[in-house]
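Participant: next input, structure requested:
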Amino acid sequence: MVTISDIAGRLEGGGHRLDLRVYFEDTDFSGVVYHARYLHFLERGRSDFLRLKGIGHRELMAGGFGAPMAFAVRRMEIDFLRPARIDDVLTVLTTTRQLGGARVLLDQKILRAEEVLVEANVKVAVISPEGKPMRMPQRVLEVLAPGV
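Facilitator: Numbering: from 1, shown residues only. Sure, this is the predicted structure:
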């Protein structure tokens, strides 16, 4: 039986590590990863980081941490340093840089072995189901604190 921890990566060093393989569907005609696919890889890293920290998206929307809420990417800076190619095994690293009352700043990297291919700085807003900004519940703040 497969468990969440088998497919969701692992928490380590205060952050999260997710290993994945590049498939044909991720590439352009030349076998190089299409730039927009990196957004998918980064999203998987963020989602599994939250999941392993005990913060599931469904539970957030159901009000499991107080009022119903969600996370929405508000801003993202991405540096594409080197290309990934078909069949590469990549690692997505995600760490919390800073927490605010209604936002989380995350640092993410995509590596092939020890080589950094992509660096991203992500600002995530906490929003209500209606899309309005809201304060992050204390329990979520504690779980996402840098280094926890």
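
Participant: can we go C-alpha only for contacts and neighbour counts from here?
Facilitator: Fine.

Participant: next, work out how far apart L117 and V92 are.
Facilitator: Between L117 and V92 the distance is 10 Å, computed by CA to CA, to the nearest Å.

Participant: quote the end-to-end distance of stretch 46-64.
Facilitator: Using CA to CA, the end-to-end distance of stretch 46-64 comes to 19 Å.

Participant: chain center to the strand or helix carrying G45: distance?
Facilitator: For G45, the element it lies in under DSSP states H and E is helix 37-52. In terms of CA atoms, centre = their mean, to the nearest Å, the centre of helix 37-52 is found 3 Å from the chain centre.

Participant: can you check stretch 47-62 too?
Facilitator: Centre-to-centre, stretch 47-62 and its host chain are 11 Å apart (CA atoms, centre = their mean).

Participant: got it, and stretch 30-38?
Facilitator: Relative to the mean C-alpha coordinate of its chain, stretch 30-38 is positioned 18 Å out (CA atoms, centre = their mean).

Participant: which helices and strands sit right next to the helix holding G45?
Facilitator: Helices and strands touching helix 37-52, by 3 or more CA pairs under 8 Å, 6 or more residues apart in numbering; DSSP states H and E, are strand 10-12, strand 15-21, strand 89-99.

Participant: where does this structure have low pLDDT?
Facilitator: Residue ranges of the chain with pLDDT under 70: 1-5, 148.
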